[in-house]
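Asker: Provide a 3D model corresponding to the input given below.
(2 chains)
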Amino acid sequence: MAVVVQAEAGPAPEVPGPSSRGSGGSGTGGYVLRKILGSLASLFFVTVLNFFMFRVIAADPVKNLTRNRNISVAAQALERKRLGLDQNIWHQFLTYLGGLPHGYLGVSFKYGKPVTSVIGSAIWPTLLLVGTSTILATIIGLWIGIRAGWNRDSKFDRISTGVTLTLYSMPEFWLGMLMILVFALGWGPIPGIFPTSGLIDPNLSYGSIQGMLNVAWHLVLPVTTLTLVYLADYSLIMRATLLDETTEDYILTARAKGLRDAVIRQRHAVPNALLPTFTLLILSLGFVVGGAITVETVFSIPGLGLLSYTAIQGPDYPLLEGVFLLFTAAVIVANLIADLCYPLLDPRVRRT
Amino acid sequence: MKLPSSIRRRRTVVALVAAMVAIVPTATAAMAASPSPSPTVSVPHGASTFTVGFQQDVDNLNPFIGILASTYEVWGVTYDFLVGYSQKNFSPEPDLASSWQESPDHTQWTFHLHHGVKWSDGVPMTSADVVYTFNRIINNSFEQTNYGNYVANIKSVTAPDANTVVFTVSKPTPIMLHMLVPILPEHIWKNISEKAVQSYPNENIVGTGPFILEQHVTGQFLRFRANPNYFLGAPHIKELVFRIFQDESTMVAALRKGEIDFADSLKSTSFNALKSVKNITTVPAVYSGFDEIAMNTGAATTTGQPIGDGNPALKDVRVRQAIQYAIDRKTLVDKVLGGYGSVGSSVIPPIYSALHWDPGNTAYTFDLNKANQILDNAGYKRGANGVRVSPSGKPLTFRLMGRSDSPTSRQTVQYVQNWLQQIGIQTNVSIVSEDNLTQIIGNGDFDLFEWGWVVEPDPDYQLSTFTCAQRSTKSGGTITAGLSDSFYCNPAFDQLYQQQSVTTNLNARAAIVKSAQAMLYRDANYAVTYYYDNLEAYRNDRFTNFKPQPDPGGSLLFQYGAYSYRFIEPVSDAVTTSSKTGLSLGIGAVVVLLLIGGGMFLARRSRSAAEDRE
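Answerer: Numbers count the residues shown, from 1 in each chain, chains lettered A, B, ... in the order given. From the prediction side, this is the model:
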């Protein structure tokens, strides 16, 4: 029964595309154009904000990066010049803007490497961890939410709501540590078969089949942790919206027609209840690149959450700007996708 | 196009599961594309692979860029210095140079190199490489950021023959035996311009050291193989792995489980918990770091222009001495460090026994009565609210800053606040980040703060931080911080500092260094609170024969040198863990199969359910 529901989550082909027909193609085109332009404007705004926001931090990166190093005042001045910090802030801003169209985000103060390559090596671990967890949490959460919402106050409803809420309110790092204690170290009869942390064993490389299987093995505990924490997001929203649907007239009509309960739920109630969950999913995908700093820390996964934390120390301006540009861009793109998908999913949005 | 609903559903489910299954290979393939030396052969993780837990990732393996302790440890096992530090007591010891002489007029140092040393790529190492390394630093500016102070007095470096290097110095220079400059291969670095070196990642390290970097996975681990031709003798282990942890408790779990063999910089609580664990040896090692309560002795620039808004009462040495007597260092060691450390006195820690000055019976032992008496005699009378007031009418109310980055710092300032209250000094505690505190100190906008230093075996740098020249500088409206954080300025001290920096006789220099410490102690710019231990633990069922530095009592790893790495041996009956990889593969495969199988099962169910209905 489970993922039948999921099947309806995707854009069903029977819903016609926005451009195909209907009341004025130009209206739809205008809608799409407006949304895209709006997103571009937001993107530019946050780019500017990102640049100036971090410069407000009252800390001198050169002094902080050379702290406790035997370095003369003259050498500090040279370092400041090398990092471009001797220029006035508008000059620095224009240099930064000038680099953006070429995909150049500067060189990280701390790592001495291009920001794009520092981010590039952190983005995949995050996508693996948070991306997989989000997808799993959606699938399982929807299933739980539908079962619980349709059979309100059943034993399943009460237990699942209680459990998911408990997991939701649990600190991620604490749940992660419990996972390590029980499933990595072993507890009582449970053998500690999973690794404590990391992504891969030190004699394998990512490129090989062995390496990939090894990564999957390492990801079991962190992904389970995050999935458990994320579950309530999806199950509770799905449950709540489905509950609303059950009192609608069309459900009564369907029952009057003599449809079986399962059919009413799957073909009528659930599709109508999917919109909020879908919104949540798309928006969460925007936050995926933000990483999960506590779980990344506990399981020593070198993702973007951790990277943003290290970037704040210093502060490492180019890296901070790069990381936050990515975060904000992802959220804006996710919003745009959600906006563009609504008309596909819900004819009512299309008509307005 | 309208598909039968059963097919549609199955497609969606399969697509979702496929996306999940595909994400691992896609991501791993992408990560594999990152530039790093990849393993040529997969060596099983056997009994002679020594795995160390690091709590800090490396920043950049280029010795002109990286600054973190973890990175220095990587260079420590892959490069060599000209002269090393002995395992016994940090005295100068042959490294690449087997012997050396200083000319009688102190203007020339001649180093004789070991014969037959080879770089890890097989090219012979000669005096030309040494000359190249030093000239590169002397002749360029970027290269000086990490090493400039070592070469400040060097006029020229020459190589009369393939195994001899001669340095001509402008004045007597004791630091010639303590230059922490990794010797680099000319044939590699000559191709890297001064511009390119500023972002050169040096991921394929070519060095002379006991280990050779084999594989580096960013944020995960660095794997080395032993250098069988190491000129001071091949290591007894085959492989070395530095594994990065972001969380101390996870690292401890990994040690208990046997995933790693060594853990360092442990918290006292984890350390105590590990004591009773089978097969684990715990070592509280003496360390070269101290913490202090620093006092604003009158913030000013190098030209003597006052800056900041420090309370002027702290310019009075009697107030600073009273504070010294009011700090119960023994309680700090017991409560803040959990007993793992010793009470602090002078600024060169006792780990450097040849240089450390002990105050003996002049020590500021905890005595609140004495502290009160000093302040009474100096004319700081208690006001109505119990807070003392200076003769000029200003209350003794100080700001006391602790570091948010350090739990021990936060605890220490609470204790100190309480003690100072008992001698009529009111403190307003604030907890700030190290970044912000650095800024605040440089501007002189503080009264008291808690921080610490890790002291090099050569005392020059530490003493330099107390010289007048290291106070802040001001040009235009901008204040640039120097190294000084107490703004201590005493011409007599500066003179001692100058003397030690031109005294090449080790004993004579030690005597001067001790007088300098005694002077600082009396002048009380710092209340050195404690010398903390480095808490280490290792698997005694896997490795033995660790070499502490100094011997006895010192750290087993993170040394000045690579002694433990070179001399440790696998315990003969150590359990081989090569089966672990097999197990991991098995479980990884099971996970992937479960995902695929689950997806197909669900897809089939959805189809059958759909068929049922129609």
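
Asker: From what I see, B:T282 and B:L274 are in contact.
Answerer: Yes: B:T282 is in contact with B:L274 according to Cβ atoms under 8 Å; the separation is 5.4 Å. Heads up, the C-betas are built off the backbone N, CA and C, glycines and all.

Asker: what residues are shared contacts of these two?
Answerer: Residues touching both B:T282 and B:L274 by Cβ atoms under 8 Å, 6 or more residues apart in numbering or on different chains: B:A537.

Asker: Relative to chain A, which residue of the stretch 301-450 of chain B is the closest?
Answerer: With Cβ to the nearest Cβ, the shortest gap between the stretch 301-450 of chain B and chain A falls at B:D435, namely 4.0 Å.

Asker: And the contacts of the particular helix or strand that has that residue in it?
Answerer: According to DSSP states H and E, B:D435 maps onto helix B:434-442. The contact list for helix B:434-442 (Cβ under 8 Å, 6+ apart) reads A:57-60, A:63-64, A:67, A:313-315, B:294, B:401, B:403-405, B:432, B:446, B:449, B:451, B:472, B:479-482, B:485.

Asker: Of those, select the buried ones using a PyMOL command.
Answerer: Per 16 or more other Cβ atoms under 10 Å in any protein chain shown, the buried members of these correspond to this PyMOL selection:
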select buried, (chain A and resi 57+59+60+63+64+313+314+315) or (chain B and resi 294+401+403+404+432+446+449+451+472+479+480+481+482+485)
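
Asker: Check which helix or strand B:F50 maps to.
Answerer: strand B:49-54.

Asker: need the next SSE after that strand, C-terminal direction.
Answerer: helix B:69-78.

Asker: give the contact list for the residue of the stretch 201-350 of chain A found nearest chain B.
Answerer: The nearest approach of the stretch 201-350 of chain A to chain B comes at A:P302, 2.4 Å away (Cβ to the nearest Cβ). By Cβ under 8 Å, 6+ apart, A:P302 lies in contact with A:121-122, A:125, A:199, A:296, B:57, B:218-220, B:244, B:246.

Asker: again with B:Y79
Answerer: By Cβ under 8 Å, 6+ apart, the neighbours of B:Y79 are B:63, B:182-184, B:205, B:207-209.

Asker: coming back round to it: narrow the contacts of A:P302 to just the buried residues.
Answerer: For these, a burial check counting by 16+ other Cβ under 10 Å picks out A:121-122, A:125, A:199, A:296, B:57, B:218-220, B:244, B:246.

Asker: and the longest helix for chain A?
Answerer: helix A:209-246 (DSSP state H).

Asker: What is that one packed up against?
Answerer: When contacts are defined as 3 or more Cβ pairs under 8 Å, 6 or more residues apart in numbering or on different chains; DSSP states H and E, helix A:209-246 packs onto helix A:132-150, helix A:155-169, helix A:172-179, helix A:270-288, helix A:293-298, helix B:5-32, helix B:578-613.

Asker: quick one: is the third one near chain B?
Answerer: Yes: part of helix A:172-179 sits close enough to chain B to count as contact by Cβ under 8 Å from any Cβ of the partner chain, namely A:173, A:177.

Asker: list the helices and strands that helix packs on?
Answerer: Partner elements for helix A:172-179 (3+ Cβ pairs under 8 Å, 6+ apart): helix A:209-246, helix A:293-298.

Asker: Toward the C-terminus, what is the element adjacent to the longest one?
Answerer: Read that as helix A:209-246. helix A:249-257.

Asker: Check the shortest one too.
Answerer: Towards the C-terminus, the helix or strand next in line after helix A:293-298, according to DSSP H and E, is helix A:304-312.

Asker: Show me the contact partners of that next one.
Answerer: A:108, A:110, A:118-119, A:122-123, A:126, A:289-294, A:296-297, A:316, A:319-320, A:323-324, A:326-327, B:219, B:246.

Asker: What's the first helix or strand after it?
Answerer: That would be, after helix A:304-312 and using DSSP H and E, helix A:317-345.

Asker: what is the rounded mean pLDDT of that next one?
Answerer: Averaged over helix A:317-345, pLDDT sits at 88.

Asker: Buried ones in that helix, by neighbour count?
Answerer: For helix A:317-345, by 16+ other Cβ under 10 Å, it's A:317-332, A:334-343, A:345.

Asker: That helix close to chain B?
Answerer: No: against chain B, helix A:317-345 shows no contacts by Cβ under 8 Å from any Cβ, the least distance being 11.6 Å.

Asker: Please state the offset of that helix from the chain centre?
Answerer: Taking Cα atoms, centre = their mean, to the nearest Å, the mean C-alpha location of helix A:317-345 is offset from the chain mean by 10 Å.

Asker: cool, and stretch B:375-386?
Answerer: 43 Å.

Asker: again with stretch B:115-124
Answerer: Distance, stretch centre to chain centre, for stretch B:115-124: 30 Å (Cα atoms, centre = their mean).

Asker: And that stretch, what's buried?
Answerer: B:117, B:119-120.

Asker: Now do it, average pLDDT.
Answerer: For stretch B:115-124, the mean per-residue pLDDT is 94.

Asker: Can you name the residues in contact with that stretch?
Answerer: B:78, B:96, B:125, B:163, B:185, B:187, B:205-209, B:212, B:227, B:229, B:231.

Asker: again, only using 10 Å
Answerer: B:78-80, B:96, B:98, B:125-126, B:129, B:162-163, B:183-188, B:204-209, B:211-213, B:225, B:227, B:229-232 (Cβ atoms under 10 Å, 6 or more residues apart in numbering or on different chains).

Asker: And it, end to end?
Answerer: The first and final residues of stretch B:115-124 sit 9 Å from each other (Cα to Cα, to the nearest Å).

Asker: Sketch out the low-pLDDT regions of chain A for me.
Answerer: A:1-27, A:58, A:67-70, A:349-352 (pLDDT under 70).

Asker: so what's A:V73 up against?
Answerer: B:302, B:469-470, B:472-473, B:475, B:480-483.

Asker: out of those, which touch chain A?
Answerer: Contacts with chain A within these, counted by Cβ under 10 Å from any Cβ of the partner chain: B:302, B:469-470, B:472-473, B:475, B:480-483.

Asker: could you redo those residues as CSV and give each row pLDDT and secondary structure?
Answerer: Output for the ones next to chain A among the contacts of A:V73, formatted as CSV (pLDDT from 0 to 100; DSSP: H, G, I helix; E, B strand; the rest coil):
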residue, pLDDT, secondary structure
B:T302, 89, coil
B:A469, 90, helix
B:Q470, 89, helix
B:S472, 89, strand
B:T473, 87, strand
B:S475, 81, strand
B:T480, 83, strand
B:A481, 85, coil
B:G482, 85, coil
B:L483, 87, coil
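
Asker: Spatially, which two of these are the most separated?
Answerer: Greatest spatial distance in these: B:S475 and B:L483, 17.5 Å, computed using Cβ to Cβ.

Asker: When the two are compared, which one has more neighbours?
Answerer: Set B:S475 next to B:L483 and count neighbours by other Cβ atoms under 10 Å in any protein chain shown: B:L483 wins out with 23 against 10.
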